[in-house]
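S.K.: Requesting a structural model of the entry that follows:
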Amino acid sequence: MNIQVKAQDASAARPLAGKVALVTGSTSGIGLGIARALAEAGSAIVLNGLGAASEIASVRDQIAAGFNVKAGYSAADMTNPEAIAGMITATLAEHGRLDVLVNNAGIQHVAPLDRFPVDKWDAILSINLTSVFHTTRLALPSMRANGFGRIINIASAHGLVASPFKAAYVAAKHGVVGLTKATALETAEGGITCNAICPGYVYTPLVEAQIDGQAGAHGISRDQVIRDVLLAQQPNKRFATVEELGALTVFLASDAAASITGIALPVDGGWTAH
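M.R.: Have a look, this model is predicted:
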């Protein structure tokens, strides 16, 4: 009886043991937090993103040693369909399967619509939306063959509502939500789910830099920047954390979420409840 209880406890602690997860844009910030959470839940991890080679190698080694899982890295450029295909092919060659795909890679640019740089528009649509199409279409055959798959798209509150001066980002994230729904419908009978997580502001080093920059630019305190500028639309007046997003991703990737598909789940402190 004790042996059975211990086995159940171990399974609950590592619900993704034996799975393989690929997280795009995961060498820092939200993506890295999600990769760490998936690894802690027992999944092998393939990282992807930008950064110094030595720093990425250190992060990869920390994940592997800290959570006793395999951890790899792909430098695939998310604007390049051939590079994306190579990443998926290499993952399948290394692990023999791909169970969890987290599409997190993204960039942002803020400008009025009539002065929005065309190259920035193209880059944002390419990385934030088109890359999701490519990773998804290439991951599906393996998922279908295994009768299991979890596709988790990191969209945004801006996939549900708009803000001025963020035309490309808003358009791309709305597109991600739509693609999520279409993917869910096409895969519903195959043991595959597809969902979108829609965060509001999440506390990361990039946001920390924004706080200091805005405080200096406006001559106001950090607390005022957080409450009245960055979190003006979030009723709870607090940042979400990468740990919260990681925990939600683990749940959506688990067997417990088998009947949850095609949803866009806000993690925005009530922003989209307005």
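S.K.: Flag the shaky bits of this protein, pLDDT-wise.
M.R.: Where the chain drops to pLDDT under 70, the residues are 1-11.
S.K.: Buried residues in the biggest helix by length in it, which are they?
M.R.: In terms of residue count, the longest helix belonging to the chain (DSSP state H) is helix 167-187. By neighbour count, and taking 16 or more other C-beta atoms under 10 Å as the criterion, the buried residues in helix 167-187 are 167-177, 179-181, 183-184, 187. Where C-beta positions appear, they are placed from N, C-alpha and C, glycine not excepted.
S.K.: can you give me the helices in this structure?
M.R.: 2-13, 29-40, 53-67, 81-95, 118-125, 131-146, 167-187, 205-218, 222-224, 242-253.
S.K.: can you list the ones you listed in a markdown table and add distance to residue 265?
M.R.: As requested, the helices of the chain are arranged in a markdown table below (distance: least, C-beta to C-beta, whole Å):
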| stretch | distance to residue 265 |
| --- | --- |
| helix 2-13 | 22 |
| helix 29-40 | 14 |
| helix 53-67 | 25 |
| helix 81-95 | 25 |
| helix 118-125 | 22 |
| helix 131-146 | 16 |
| helix 167-187 | 10 |
| helix 205-218 | 21 |
| helix 222-224 | 29 |
| helix 242-253 | 7 |
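S.K.: how about these, which one is nearest residue 161?
M.R.: helix 167-187 (8.3 Å; C-beta to C-beta).
S.K.: Name the residues that touch the closest one?
M.R.: Applying C-beta atoms under 8 Å, 6 or more residues apart in numbering, the set of residues contacting helix 167-187 from outside is 103, 106, 108-109, 113, 116, 120-121, 124-125, 128-129, 132-133, 136, 140, 143-144, 149, 151, 153, 155-156, 158-160, 162-163, 193-196, 198, 261-262, 264.
S.K.: how does this structure divide into domains?
M.R.: Residue ranges for each domain of the chain read 14-202+241-267, 203-239, as given by automatic domain parsing.
S.K.: For the first one, measure first residue to last.
M.R.: The one in question is domain 14-202+241-267. End-to-end distance for domain 14-202+241-267, by C-alpha to C-alpha, to the nearest Å: 24 Å.
S.K.: what's the answer for stretch 118-131, then?
M.R.: Its start and end residues considered, stretch 118-131 measures 18 Å (C-alpha to C-alpha).
S.K.: List the buried residues of that stretch.
M.R.: Residues of stretch 118-131 classed as buried under the neighbour-count rule (16+ other C-beta under 10 Å) are 120, 121, 123, 124, 125, 126, 127, 128, 129, 130, 131.
S.K.: just the residues you listed now: which is nearest residue 213?
M.R.: Closest approach between the buried residues of stretch 118-131 and residue 213, by C-beta to C-beta: residue 120, at 19.5 Å.
S.K.: returning to that earlier point: okay, the buried residues of stretch 118-131 in TSV with distance to residue 242 next?
M.R.: As requested, the buried residues of stretch 118-131 are arranged in TSV below (distance: C-beta to C-beta, whole Å):
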residue	distance to residue 242
120	26
121	28
123	24
124	22
125	25
126	25
127	20
128	19
129	22
130	25
131	21
